[in-house]
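> coords below, sequence missing:
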């Protein structure tokens, strides 16, 4: 038993090192992966892809090159297997993070979990708990799986918060577009002028999308619809559909934008009220628990005396 445990732990550590070495080794990219990458760049736009790669290349050095290499390998593997992960890609697009860096983070964290499992078992075994030689293998696999899915939870949480901010900005943006239309501007000029009032990330994304649409020759509402699909925001897709229907009538566009902005404000107020109600309920439960604990604190001495007398 004393000899079996170190052998098992060493085998698990060697497997993790082998997986890391295989991930770092360069390999020839397949034709399917290359074509899929070109199609993805064409669908998202080369300008946005360049911005993501520029942001990813800010972290230079060995760690940055390792993440880029591992992320490229895993991204090619995802493409070959047909795993598109639309919702996760939309979350990363909202957060302006690279898909390759995200996959590299998942793989490296799972490798850390693969090492952390036997290390944790060694600590527990030193304290006198656990004696099976198979336990460190299961703990290594469990920790690797947990660490692999931790970035997904973080990305989805941060993306939900950022989408909430984006919806608030879209409501104000629609009001600004309606005001510009009332001032006599055309729809393309009103959309661009309303996006230039701030340098926030939301209006900056809208402004870049409108500029790319002007360069490529596509309509601005179609570009907004593609941005909504890319970010997973239904409000932008609905805005694109409504603008495509009434783009030639300025009065209908203005009424449609004003009513849509009002609807978004009412929906946001309902969500805020619901969140406040949930918080008030949780505060009420906490107060009831405090009162119950205080009553137990008052009644306990008297109850002890009664039971002692009896």
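It's in. Bear in mind that the values here come from a model prediction, so they are computed numbers and not experimental data.
> which secondary element of this structure has the worst mean pLDDT?
helix 46-56 (a mean of 43; mean pLDDT, DSSP states H and E).
> Run through the protein and note the low-pLDDT ranges.
Applying pLDDT under 70 to the chain flags the ranges 1-10, 12-13, 16-17, 19-63, 124, 127-134, 246-251, 309-310.
> Break it down into its structural domains.
The chain breaks down by automatic domain parsing into domains covering 4-158, 163-265.
> what's the closest of those domains to residue 289?
With CB to CB as the criterion, residue 289 lies closest to domain 4-158 of the domains of the chain, at 26.9 Å. Just so you know, the C-beta spots here come from the backbone N, C-alpha and C atoms, and that holds for glycine as well.
> Comparing the domains of the chain, which comes out most buried?
Looking across the domains of the chain with neighbours counted as mean count of other CB atoms under 10 Å, the highest average goes to domain 163-265: a mean of 17.
> Now do that domain: distance from first to last residue.
15 Å (CA to CA, to the nearest Å).
> How far away from the center of its chain is it?
Centre-to-centre, domain 163-265 and its host chain are 24 Å apart (CA atoms, centre = their mean, to the nearest Å).
> of all the domains of the chain, which lies closest to residue 303?
Nearest to residue 303, of all those, is domain 4-158, at 37.2 Å by CB to CB.
> just so I have it, where are all the helices in this protein?
All helices of the chain, identified by DSSP state H, fall at 4-24, 31-44, 46-56, 62-81, 86-95, 99-126, 135-182, 187-195, 201-216, 220-231, 234-246, 250-309.
> What are the contacting residues of stretch 88-96?
The contact list for stretch 88-96 (CB atoms under 8 Å, 6 or more residues apart in numbering) reads 51-52, 55, 98-99, 102, 152, 155-156, 158-159, 162-163, 166, 201, 229-232.
> hang on, the earlier thing: include distance to residue 295 when you put the domains of the chain into JSON lines, please.
Below are the domains of the chain laid out as JSON lines (distance: least, CB to CB, whole Å):
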{"stretch": "domain 4-158", "distance to residue 295": "38"}
{"stretch": "domain 163-265", "distance to residue 295": "40"}
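> mind checking which of those is nearest residue 308?
Between residue 308 and these, the tightest spacing by CB to CB is seen for domain 4-158, at 39.0 Å.
> Roughly how far does the residue lying closest to residue 171 once chain neighbours are set aside sit from residue 114?
Nearest in space to residue 171, with sequence neighbours left out and distances taken as CB to CB, 6 or more residues apart in numbering, is residue 264 at 4.0 Å. Here residue 264 is placed at a distance of 46 Å from residue 114 (CB to CB, to the nearest Å).
> can you check residue 102 too?
Noted for residue 102: a distance of 19 Å to residue 114, by CB to CB.
> And for residue 98?
Applying CB to CB, the value for residue 98 to residue 114 is 24 Å.
> cool, and residue 170?
Taken as CB to CB, the span from residue 170 to residue 114 is 43 Å.
> What residues does the residue nearest the centre of the chain make contact with?
Within the chain, one residue has its C-alpha closest to the average C-alpha position: by CA atoms, centre = their mean, that is residue 155, at 2.8 Å. Counting by CB under 8 Å, 6+ apart, residue 155 makes contact with 88, 91-92, 95, 97, 102.
> Generate JSON lines for these, with distance to residue 259 as supplementary columns.
Shown next, in JSON lines, are those (distance: CB to CB, whole Å):
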{"residue": "88", "distance to residue 259": "33"}
{"residue": "91", "distance to residue 259": "29"}
{"residue": "92", "distance to residue 259": "33"}
{"residue": "95", "distance to residue 259": "31"}
{"residue": "97", "distance to residue 259": "35"}
{"residue": "102", "distance to residue 259": "38"}
